[in-house]
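>>> Have a look at this fold, sequence not included:
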């Protein structure tokens with residue numbers, strides 16, 4: 001009798017263990033710097049849906065927006081170490097690890113949506129990915145396209161170069177953005193993203209620079225009266241996975257993540273093009289005055305003349321800019 005009970009107990013235990021193993025989901029955690037209702041959020045919600053669907057529910061993707069898992073630099077480091085599965089980061093934050101990626105942040109190198117897509121897909125996309133794997137220890141699964149970093153402020157309309165001089169503009173910790181704004185006579189103020197709204201509200205800074213969707217979803221219209229369309233830097237954020245993690249995945253998982261990254265990227269650019277206009281209308285409805293530049297060629301020339309030569313070494317050499325210019329048909 002005792003023997004029978006023992007056998008039954010072992011059988012039940014084995015069945016329970018098998019059941020837990022058979023139905024256990026693999027969980028991928030994804031860190032994000034931006035909010036869930038941002039461009040990043042739109043792309044990553046699509047990525048989550050694709051991965052979970054393509055895996056037949058065997059993989060669960062958990063999204064952590066708003067820097068819940070740390071700063072973008074911290075998330076990048078943890079992804080490289082393999083302690084975080086995936087992350088979406090501003091491309092500028094990857095430059096300390098992969099210098100040539102800084103090429104994509106140079107002012108007026110990318111001047112429209114088409115050039116942004118061309119600079120991150122095909123041969124150039126493969127080139128950035130190869131460098132990221134070899135130099136940074138991570139690979140790029142897709143790109144978030146967030147449009148241009150337009151300048152907002154609470155002081156006055158900015159429609160020509162003279163209008164921006166002296167304005168205190170919050171910027172991220174980015175040397176190229178700082179040098180660009182200085183070349184125009186503005187006063188760039190590096191500041192943590194979490195402090196930006198309060199700083200504008202209290203008049204510590206006059207404004208900041210970000211794409212339409214960010215400006216609208218962050219409710220900057222509550223503390224900013226003016227926005228100027230300045231096409232100096234297209235905001236790009238790669239979705240990355242650490243190479244250490246990648247090497248542990250089976251081929252089926254790699255193929256699934258690759259496909260989901262590509263399809264989510266395609267969805268993301270469509271979302272940007274459609275929703276940016278809605279965000280613009282939302283800002284205007286909330287009283288923000290939108291300006292276009294009368295003399296943007298002056299802004300462009302000052303940035304190219306003053307910033308490009310100073311930062312060739314920072315981005316790994318002038319040849320990186322030449323390569324992109326040639327691929328874009330601008331050289």
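Right, received. Where do you want to start? Here the structure is a predicted model, which is why all the values come from computation and not from measurement.
>>> Now the residue most central in space within the chain: which helix or strand?
By CA atoms, centre = their mean, the chain has its centre lying nearest to residue 237, at 2.2 Å. Assigning secondary structure by DSSP states H and E places residue 237 in strand 234-242.
>>> Can you name every helix or strand that the lengthiest helix in the chain contacts?
In the chain, taking DSSP state H as the definition, the longest helix is helix 251-285. Counting contacts by 3 or more CB pairs under 8 Å, 6 or more residues apart in numbering; DSSP states H and E, helix 251-285 packs against helix 39-54, helix 113-118, strand 138-148, helix 212-217, strand 234-242, strand 289-292. C-beta: built from backbone N, CA, C; applies to glycine.
>>> Could I get these in a markdown table, plus columns for mean pLDDT and distance to residue 101?
Shown next, in a markdown table, are those (pLDDT from 0 to 100; distance: least, CB to CB, whole Å):
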| stretch | mean pLDDT | distance to residue 101 |
| --- | --- | --- |
| helix 39-54 | 97 | 17 |
| helix 113-118 | 96 | 14 |
| strand 138-148 | 97 | 9 |
| helix 212-217 | 94 | 21 |
| strand 234-242 | 97 | 8 |
| strand 289-292 | 98 | 30 |
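>>> Out of these, flag the one nearest residue 159.
For residue 159, the closest of these is strand 289-292, at 4.5 Å, according to CB to CB.
>>> neighbouring strands for that closest one, and are they parallel or not?
If you go by DSSP bridges, strand 289-292 pairs up with strand 226-229 (parallel).
>>> Run through who's touching the strand it pairs with.
For strand 226-229, contacts defined as CB atoms under 8 Å, 6 or more residues apart in numbering pick out 148, 150-159, 164, 207, 215, 283, 288-293.
>>> if you set the cut-off to 6 Å instead, what comes out?
With contact meaning CB atoms under 6 Å, 6 or more residues apart in numbering, strand 226-229 is reached by 150-153, 157-158, 288-292.
>>> I'd like those residues written out as TSV, with neighbour count and distance to residue 190 added.
As requested, the contacts of strand 226-229 are exported to TSV (neighbours: other CB atoms under 10 Å; distance: CB to CB, whole Å):
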residue	neighbour count	distance to residue 190
150	23	19
151	27	16
152	25	17
153	24	17
157	14	25
158	25	20
288	18	24
289	14	27
290	16	26
291	18	25
292	10	27
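>>> could those residues be laid out in TSV, adding distance to residue 169?
Shown next, in TSV, are the contacts of strand 226-229 (distance: CB to CB, whole Å):
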residue	distance to residue 169
150	11
151	6
152	9
153	7
157	15
158	10
288	16
289	17
290	17
291	15
292	18
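>>> rewinding a little: what would the helices and strands packed on helix 251-285 look like in TSV with distance to residue 278?
Below are the helices and strands packed on helix 251-285 laid out as TSV (distance: least, CB to CB, whole Å):
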stretch	distance to residue 278
helix 39-54	12
helix 113-118	16
strand 138-148	12
helix 212-217	8
strand 234-242	18
strand 289-292	14
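>>> what's the closest of the ones you listed to residue 82?
Proximity to residue 82 (CB to CB) singles out strand 234-242 among these, at 5.0 Å.
>>> Can you mark which positions in the next helix or strand after that closest one are buried?
Moving toward the C-terminus from strand 234-242, the first helix or strand encountered (DSSP H and E) is helix 243-248. Residues 243, 245-246 are the ones in helix 243-248 that count as buried (16 or more other CB atoms under 10 Å).
>>> ditto for stretch 264-283
264-265, 267-269, 271-272, 275-276, 279-280, 282-283.
>>> Tell me the one of those residues nearest residue 220?
The closest of the buried residues of stretch 264-283, once distances to residue 220 are taken by CB to CB, is residue 283, at 8.1 Å.
>>> which residues does that closest one contact?
Residues near residue 283 by CB under 6 Å, 6+ apart: 216, 221.
>>> From residue 228, how far off is it?
Distance, residue 283 to residue 228, by CB to CB, to the nearest Å: 12 Å.
>>> what's the answer for residue 113, then?
For residue 113, the distance to residue 228 equals 19 Å [CB to CB].
>>> same thing with residue 127?
The value you get for residue 127 to residue 228, if CB to CB is used, is 33 Å.
>>> between those two, which one's more packed in?
Per other CB atoms under 10 Å, whichever of residue 127 and residue 228 has more neighbours is residue 228, with 22 against 15.
>>> All set now, cheers.
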